[in-house]
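**Q** No letters, just coordinates:
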Ligand code: RB5
């Protein structure tokens, strides 16, 4: 599976470590930046870049890291067909995919440590939408808002 990553300065270090972790676990990666640490960069630039490339089917899933995960999540959810959420626990990270077809995980680099982040990323990256009728029905109701 291909996963696209993005981060501002608040999430840069965490994003770099997540990239190493995913590559070591045989995932394909696209890095949508920032590619260098820049204390003055803005999270929407990277969140929107990741979200647009998900919509363009360049990758199945995305992970965006900012300081809290919140700004990245707000920005990414403005892009059609993106379902992003901040998950700082393992259960939400896989259940969000299984029930809600979440396709972008947002993390706060200032909130969680890297070992917790890796477990959350593992849960998110390996989860699949359940395709159960009740979840499809609920998702359709959400997708209807985009039409
Ligand atoms: C940047 O300082 C910080 O505001 C940003 O990374 C993020 O936490 C926004 O939600």
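**A** Ah, there it is. Quantities reported herein were computed from a predicted structural model and do not represent experimental measurements.
**Q** so who does the nearest residue to residue 55 once chain neighbours are set aside touch?
**A** Computed as C-beta to C-beta, 6 or more residues apart in numbering, the closest residue to residue 55 that is not its neighbour in sequence is residue 81, at 5.0 Å. Bear in mind the C-beta positions are built from the backbone N, C-alpha and C, glycine included. By C-beta atoms under 8 Å, 6 or more residues apart in numbering, the residues touching residue 81 are 54, 55, 103, 146.
**Q** neighbours of the third one, just the number please.
**A** Okay, so that is residue 103. Per other C-beta atoms under 10 Å, the neighbour tally for residue 103 reads 22.
**Q** Near the ligand, which residues of this protein? Just list them.
**A** Neighbours of the ligand within the chain, by C-beta under 6 Å from any ligand atom: 8, 10, 43, 66, 67, 68, 70, 71.
**Q** Tell me who's in contact with the residue lying closest to the first one once chain neighbours are set aside.
**A** The one in question is residue 8. In this structure, residue 8 finds its nearest non-sequential neighbour in residue 43, 4.0 Å apart by C-beta to C-beta, 6+ apart. Contact analysis of residue 43 by C-beta under 8 Å, 6+ apart lists 8, 10, 11, 64, 66, 67, 71, 72, 75.
**Q** Let's see that with 7 Å instead.
**A** Listed by C-beta atoms under 7 Å, 6 or more residues apart in numbering, the contact partners of residue 43 are 8, 66, 71, 72, 75.
**Q** ok, and the most crowded of these?
**A** That'd be residue 72 among those, by other C-beta under 10 Å, with 34 neighbours.
**Q** Could you look up the SS state of that residue?
**A** Following DSSP: H, G, I helix; E, B strand; the rest coil, residue 72 is assigned to helix.
**Q** Enumerate every residue touching it.
**A** Residue 72 touches 43, 47, 64, 66, 106, counting by C-beta under 7 Å, 6+ apart.
**Q** Near residue 106, how many other residues are there?
**A** Other residues close to residue 106 by other C-beta under 10 Å number 30.
**Q** Understood, closing this out.
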